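Enquirer: Show me how the following folds:
(chains A, B and C)
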Amino acid sequence: MSKASYLRRYWQLYALLALPIAYFVIFRYGPMYGVQIAFKDFNLFQGIGGSAWIGFDAFREVFGMREFYTTLRNTFMLNFLDLIVSFPAPIILAIMLYEIRSVWFKKISQTLLYIPHFISWVIIGGIVYQLFGNQSGMVNEVLVGLGLDPVPFLTEKNPWLITYLFTGVWQSAGWGTILYLAALTGVNRELFEAAEVDGATRLKKIRYITLPSIKPTIITLLILNLGKMVSIGFDRPYVIGNTTVREYSDVLSTFVYRIGLESGQYTQATVIGLFQAVVGLVFILGSNYISKKTTGDGII
Amino acid sequence: MTVNTNQGFWKKATGITLTAVMGVSLLAGCSSDSKENAANGGKATEGSSAKRVTLKVEVFDRGNSPAPQTITNNFLSKLVQKNFGDPNNIDVQYVPIQRSEEVTKLNVLMASDSDVPDIVFTYDSSVFYRYAGQGGLTDVGKLLDEYGPNLKKFIGDETLAFGQLDGKQFSIPGKRAITGRYSSYIRQDWLDKLSLPVPKTTDELYTTLKAFKEKDPGKLGSKNIPMGMALAPAQFETLIYSFIKPISGDLTYSQRYELPLHEGFKDAMQFMNKLYNEGLISKDFGLDKDKTQLAKDIQNGNTGYWSEDVDAQFYKDGTMDNLYKNVPGSKVTPVDVYTNAKVDNKYIKSRYASNGMYIMIPKSSKRAVEAIKYLDWMSTGNNLIDIYNGVEGENYDMVDGIPVVKENVSQEFADRLFNGGDMAIISNGKNLGDQATNEKAWVMGFPKNNQEMLKQSIAIANTDTVGPIVFGKPIEGEAQYGTTLTDKLDVIIVKTTMAKPDQFEAVYEQEMKDFMSLGGTKLKEELEQAVKELPAK
Amino acid sequence: MSERTSNRIFDIVNITLVTLFVLFCLAPFLHIIAVSLSSNRAITSGEVTLFPIEVNWDAYIQVFSNDSMIHSLIFTIILTVATTVLCMLFTVAAAYPLTKKNLKGRKVFMYLIVVTMFFSGGIIPEYLLIRDLKMIDSVWALILPGLVSPFNLIILISFFNNIPPSLEESAEIDGSSHFHTLMRIVLPLSMPVMATLALFYAVGRWNGFQDSLMYINSPELYPLQLKLFQMVQNNMVSELTQLEGSNRTALTPESLKAATVIFATVPILVVYPWLQKYFVSGVMLGAVKG
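Expert: Below is the predicted model:
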């Protein structure tokens, strides 16, 4: 194709891209010079340009901190558990909703299921303590009333991890179904009719029709999720965590918050951010590559 | 067919876009108008002089502005403009900063140079030292002499020293009206039921708690909490201070996370461990950082003895009112029981330093003179009283030199004062004169039925107090390890308290080793060195 | 076991499980409603669970009689609608060209976009940028920095990619322009995902307040969630307020916080049921046939 005919054919697409690209250049890449803080002894008043270069000193310092490794380990652990438990939850829930035939029941359920997404973590935290405290938690009051031993939901490692995962599923599963439900609208109903004629069971239909039709969405979200393995939101571990389980609930984001915002060590905080970015990028590109090789689907 | 309906959607969507964008720009337009109006206060005076300047002042926004007032345009901001701004040809403009995001935002503003207000402040000494150390603050020493004589007198040399670094006055510390912090309380009706005297020493307290546990005077069964505890300073600090040996006389290290560096800290933890394992303190105290559960237990009458911030329970419809409502016949007595064996069995407890927030003028500010004038104005005449109390005759009456807040004033009048404490930055609490007068004025602001008990609490809070050493220079270790060690202190308290008695030693050793390796060692060396360098008294 | 009975069992189990989960999700919300209607004494004494105690409407009267709350609600609605529309326009404009495998530079753009998912300049350079663009204390600071979410963009690309190529090709053979194909074929076939992403953007804007903490100084431009944040967070007894000592202000009553939560949440909750009508099954099928 000649240049002229290529342009004639594609100029509209470039025109469409122009504004979004301008957006990315100005708002996303514009402030990107801030990453050099990681290599500088950052002084608020001399600014990023005026601060002195220190090379990799801050990297050496951060990689020498024991807290860095414990918080990194916890971040990995919590994200990995989330990947196993919280990632499939909305898929299962979406399929369950899809299988419901009563239209009004389905609509009402969907609407109610996504409520927890709108309750902020501070408030969830308060409710979790009311429910799961050792002495005063309602769940334990019931357990004790039944003559059982109270469960240390918040103060011992394994029960706490379950509480953490449970609140995560509770908070995000309903919200997570929305995208899958959108994908499920693309399922060809005729396939079900054909399967019906063949006498396929409900589970078989889910296995061979429903799931494959949302496979691209699952893969896209899985890859995006894998990219986030070393980054973690601040609120959930902070609010659900507490001093008694600090050795498991302390994660990179809470660590960055402590040293960066509270102690004003922007350089060290930026180093950690940069570390997370590089690892995240490697993870997402790696999983994209593997996914393309094995399933043919990917994000790029 | 689908295509058709969707075209309809797009038409609609475009319509919405247009109206929305227009709506937004309209909103933006009118808001910037109102801003200008607010900032300019009275435009009439502007013509007289071309050199009218704008002074930007930080203000904490707590989201409690009663409509129609806002945090930047309210009764007090107008009062300032009228009484200070207009006569001096200055527009005073307030820059709101959300209370809980204070330091984050302040850092960004400081880095932005041009947007930073001319007057900023923080309660955090390490933030002040960081700004000063990085060369971002104006040395106001000379300016104070020239433009702030009243201010200087108001704050006093002793408090001003908190704002100095290497002899330079990089900040103006606010003056604190009341330095007492904590008091403790016991259920008198429980004592009466068991015919027990009010405990007077830590040992007697222990015996009393045991009796509370075994005889269960409240008939509460498993809900019985002889001693209320939370993972909050008011509860554990009171106990720890009664075990440690202060560094020098009635002075000691200023930061809470420096408690483990004191002799006697281990004894305090050992005592906590004993109380916990014998079931005498709240089981879930480690989860209760914000004291919600503690307050709940007290209000429901489940708690026999506890410590609290001196004022915390006496607000209208507060903990005390609720307890009396929930448990008829209950009676609470303020008590002072923690005796410190290392200091002649005195009731050692911590007090606030005499300073409030650190008020700073960024080096980039071109309005340092006006800033000092503003603060100086605040310290003169009745200005501070008015900022705290409103209009004389409408909001308060002067009785024996103390402003007494009128009861049953109209909502409009009451709403004037929502931000009084946050506007009066040079003063923490109502400063009227000496400590006793200030306390009297403070008590007047509380509901009548609680005033007597608050008075007793304040008396207890002022007994045998220990305050912070002022080094006059930053402790590097505090800036560097402060937040990490604050966190670690909580962990030490929780872990050692909740350990089985026979594992206490091991857990304590392990946690302290951690504490020291996370920066405790360096901090300790630096503090000890700094103590040595202190000028002999 | 006959097919019908097994079907019935499946339905019963399925509906029971979904109902249980719905109740789990609903309970905390009911708790917050109960708190908003209860007396303060009952709340701080821990008596309120799912039903209000000593019922009163004071908190709601206070919220609704507060002009700044109403103003903030209206502002937030306009802000959310405007943000959503602009975000969708930009996201669609970016996504559609990036589905064309032959487009030169496509891969480069993709990589550049993915990089921004991980790397950012940090709050100080971002603040300086907004300042230099003269957008401090303006609504644009709340709209423009988040115009395209790379996450949403990648999802949209992935959905566009699932449209059978034959549909677009037939349009292109007909000589229709790219704009035309996008408007007539691609978008109508993508209504469910468009509705979903619009919801993501709307909810993200509605729930977001961090940017307003940094960029907004005028109370007239406070989004609702910032006001909620102030109430819930600024009021908490914490390390922070320790040193305020006798300067401490009385806390906001729990019932007022809860009523504000309800006030700030219900408007956005009703968006999804409304969007559900775009979740029509078989759109694709109809198009293929047509």
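
Enquirer: any idea how far the nearest residue in space to residue C:230 that is not next to it in sequence is from residue C:179?
Expert: Once flanking residues are discounted, residue C:230 sits nearest to residue B:63: 2.5 Å by CB to CB, 6 or more residues apart in numbering or on different chains. To be clear about C-beta, it is placed using only N, CA and C from the backbone, and glycine gets the same treatment. To residue C:179, residue B:63 is 47 Å away according to CB to CB, to the nearest Å.

Enquirer: ok, these two, which is more surrounded?
Expert: Between residue B:63 and residue C:179, residue B:63 has the larger neighbour count (other CB atoms under 10 Å in any protein chain shown), namely 23 against 13.

Enquirer: Give me the secondary structure label for that one.
Expert: Assigned with DSSP: H, G, I helix; E, B strand; the rest coil, residue B:63 falls in the coil class.

Enquirer: and if you look at the one 3 residues further on?
Expert: Per three-state DSSP, the local secondary structure of residue B:66 is coil.

Enquirer: next one: phi and psi at it?
Expert: When read as degrees, to the nearest 10, the backbone of residue B:66 gives phi -80, psi 130.

Enquirer: Check for me that residue A:254 belongs to a helix.
Expert: Yes: assessed by three-state DSSP, residue A:254 belongs to a helix.

Enquirer: Please report the distance of the closest residue to it other than its chain neighbours from chain B.
Expert: Distance criterion CB to CB, 6+ apart; nearest residue to residue A:254, sequence neighbours excluded, is residue A:238 at 5.5 Å. When distance is defined by CB to the nearest CB, to the nearest Å, residue A:238 is 11 Å away from chain B.

Enquirer: Remind me what the one helix or strand residue A:238 maps to packs against, helices and strands.
Expert: Element membership for residue A:238, per DSSP states H and E: helix A:235-240. Contact here means 3 or more CB pairs under 8 Å, 6 or more residues apart in numbering or on different chains; DSSP states H and E; on that basis helix A:235-240 packs against helix A:121-132, helix A:157-184, helix A:246-249, helix A:252-256.

Enquirer: Does the second one reach chain C?
Expert: Meaning helix A:157-184. Yes: using CB under 8 Å from any CB of the partner chain, we find that helix A:157-184 touches chain C at A:170, A:173-174, A:178-179, A:181-184.

Enquirer: now, among those, which is nearest to chain C?
Expert: Chain C lies nearest to residue A:182 out of those, by CB to the nearest CB, at 3.9 Å.

Enquirer: was I right about that closest one contacting residue C:196?
Expert: Yes: counting by CB atoms under 8 Å, residue C:196 is a contact partner of residue A:182 at 4.3 Å.

Enquirer: now residue 105, nearest residue through space, not along the chain?
Expert: Chain wasn't specified; assuming chain A. residue C:15 (7.2 Å).

Enquirer: not what I meant, chain B
Expert: Leaving aside its sequence neighbours, residue B:105 sits nearest to residue B:97 (CB to CB, 6+ apart; 5.0 Å).

Enquirer: now swap in residue B:261 and tell me
Expert: residue B:524 (5.1 Å).

Enquirer: So what's the residue count around that neighbour?
Expert: Neighbour count of residue B:524, defined by other CB under 10 Å: 16.

Enquirer: And it, how far from residue B:475?
Expert: Per CB to CB, residue B:524 is found 11 Å from residue B:475.

Enquirer: Is the least confident helix or strand in chain A by mean pLDDT positioned near chain C?
Expert: Least confident helix or strand, chain A: helix A:189-197 with a mean of 83, by mean pLDDT, DSSP states H and E. Yes: Helix A:189-197 is in contact with chain C by CB under 8 Å from any CB, via A:189-190.

Enquirer: pull the CA atoms of that helix into CSV?
Expert: Extracted in CSV, the C-alpha atoms of helix A:189-197 (Å, rounded to 0.1, in the frame of the first residue of the first chain):
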residue,chain,number,x,y,z
ARG,A,189,-28.7,-18.1,22.8
GLU,A,190,-29.0,-20.5,19.8
LEU,A,191,-26.1,-22.5,21.2
PHE,A,192,-28.2,-23.2,24.4
GLU,A,193,-31.1,-24.3,22.3
ALA,A,194,-28.9,-26.7,20.4
ALA,A,195,-27.4,-28.0,23.6
GLU,A,196,-30.9,-28.5,25.0
VAL,A,197,-31.8,-30.7,22.0
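
Enquirer: Give the other helices and strands that it contacts.
Expert: The contact analysis (3+ CB pairs under 8 Å, 6+ apart) places helix A:189-197 against helix A:202-205.

Enquirer: what's the helix it packs on packed up against?
Expert: By 3+ CB pairs under 8 Å, 6+ apart, helix A:202-205 packs against helix A:189-197, helix C:3-36.

Enquirer: Residue A:85: what's it in contact with?
Expert: Residues near residue A:85 by CB atoms under 8 Å, 6 or more residues apart in numbering or on different chains: A:165, A:168-169.

Enquirer: ok, now with 6 Å
Expert: Contact analysis of residue A:85 by CB atoms under 6 Å, 6 or more residues apart in numbering or on different chains lists residue A:165.

Enquirer: Equivalent analysis for residue C:88, please.
Expert: Counting by CB under 6 Å, 6+ apart, residue C:88 touches residue C:198.

Enquirer: What are the buried residues along the helix or strand containing it?
Expert: Taking DSSP H and E as the criterion, residue C:88 maps to helix C:67-95. Judged by neighbour count (16 or more other CB atoms under 10 Å in any protein chain shown), helix C:67-95 contains these buried residues: C:68-69, C:71-73, C:75-95.

Enquirer: after it comes which helix or strand?
Expert: helix C:106-118.

Enquirer: What are the contacting residues of that following helix?
Expert: Helix C:106-118 has contacts (CB under 6 Å, 6+ apart) with A:28, A:277, A:280-281, A:300, C:98, C:150.

Enquirer: I'd like the average pLDDT over the helix or strand where residue C:129 lies.
Expert: Here residue C:129, judged by DSSP H and E, is contained in helix C:123-132. Helix C:123-132 shows a mean pLDDT of 93.

Enquirer: Look at residue B:50 and report its pLDDT.
Expert: Among the per-residue scores, residue B:50 shows a pLDDT of 59.

Enquirer: Correction: the previous question concerned residue A:263.
Expert: Residue A:263 is given a pLDDT of 73.

Enquirer: The one 10 residues further on now?
Expert: Note for residue A:273: predicted pLDDT of 93.

Enquirer: Can you give me the first-to-last residue distance of stretch B:110-117?
Expert: Length of stretch B:110-117, first residue to last, CA to CA, to the nearest Å: 9 Å.

Enquirer: Give me the domain ranges for chain B.
Expert: Under automatic domain parsing, the residue ranges defining each domain of chain B are B:17-178+B:355-385, B:182-350+B:469-532.
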